[in-house]
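>>> What would the 3D arrangement of this be:
(one chain, ligands or ions: 1)
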Amino acid sequence: MISMQKVSKVYPNGVVAMDDLDLEIRDGEFLYVVGPSGAGKSTFMKMIYREEKPTAGQLLIDGLDVGKIKDRHVPKLRRQLGVIFQDFKLLPSLTVYENVAFALEVVGAETSSIRKQVMDVLNLVGLKNKARNYPDELSGGEQQRVSIARAIVNKPKLIIADEPTGNLDPETAWGIMEVFEEIHRRGATIVMATHNRDIVDKIRHRVIAIENGKVVRDEEKGAYGYDI
Ligand SMILES: Nc1ncnc2c1ncn2[C@@H]1O[C@H](COP(=O)(O)OP(=O)(O)OP(=O)(O)O)[C@@H](O)[C@H]1O
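Next comes the predicted model:
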């Protein structure tokens, strides 16, 4: 699914955020990305959804060289990915239903199929009864469920989540993880950067630890491995 060969990222100010990274992520895998603050986790994620380009090396998604595609082709790439952030990034003036439907409208989905797809995905994240609410009428956990619904409504094979439980209390975070587990069971590949030790230690998946832009640990069913 994702293949990185000697990928480096040097920001214009000279910071080396990713240093000669080689990594393979297989179809259907669930990968946690852990590491100290400033280690390069977000940079790693941003290169996958082409918010940032590698300054050297090759990053392939299903054979497509993401660093080399033209800017005008980036929207096409993004439609094949579901991206979820710590701060939800919902549109405040749209209802829950409209926030999710919007993701289908922008890709030109048939109006007749939109309603069913949106309601199906709201059902999956447990928010069918909140379809008419606005984001500011929801709890943090509910808002994150909406952002997950929006990310998966196009049925992407690859989900990129950058600290999706970072703003949530522990109990709510577990609920969000149940949603990710279900998406994973349905076949999606999930790459999740997280500082949540309890979750990584309890729901075991492959773990890579990044420090100073390098992968310093790569374990199947690994542990969080840091004290903070
Ligand atoms: N746009 C940018 N321009 C210059 N330097 C940047 C930029 N974005 C990140 N950096 C630097 O690159 C390094 C890696 O940052 P990154 O955000 O990838 O770390 P992180 O592991 O996600 O950290 P955190 O856990 O705090 O979110 C840091 O030294 C950071 O200051």
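>>> Let's see the pLDDT reported for the spatially closest residue to residue 215 that is not a sequence neighbour.
When the adjacent residues along the chain are set aside, residue 215 lies closest to residue 208, with 5.2 Å between them (C-beta to C-beta, 6 or more residues apart in numbering). In short, each C-beta sits where N, CA and C put it, glycine included. At residue 208 the predicted local distance difference test score is 97.
>>> Can you give me the distance of residue 208 to the ligand?
Counting by C-beta to the nearest ligand atom, to the nearest Å, the gap from residue 208 to the ligand is 12 Å.
>>> tell me the secondary structure for that residue?
Under DSSP: H, G, I helix; E, B strand; the rest coil, the three-state class of residue 208 is strand.
>>> my guess is it meets residue 31, correct?
Yes. Counting by C-beta atoms under 8 Å, residue 208 does reach residue 31; the two are 6.5 Å apart.
>>> list the contacts for the residue nearest to residue 215?
23, 31-34, 215, 217-218 (C-beta atoms under 8 Å, 6 or more residues apart in numbering).
>>> Quick one: buried ones out of these?
Neighbour-count burial within the contacts of residue 208 applies to 23, 31-34, 215; the criterion is 16 or more other C-beta atoms under 10 Å.
>>> follow-up on the earlier one: show me the contacts of residue 208 that map onto strands.
Using DSSP state E, the members of those that fall within strands are 23, 31-34, 215, 217-218.
>>> returning to what we had before: of the contacts of residue 208, closest to residue 127?
For residue 127, the nearest member of the contacts of residue 208 is residue 32. The distance, counting by C-beta to C-beta, is 25.2 Å.
>>> can I assume the closest one is in contact with residue 206?
Yes. In this structure, residue 32 is within contact of residue 206 by C-beta under 8 Å, at 7.0 Å.
>>> Overlap in contacts, the two.
residue 222.
>>> That'll do, ta.
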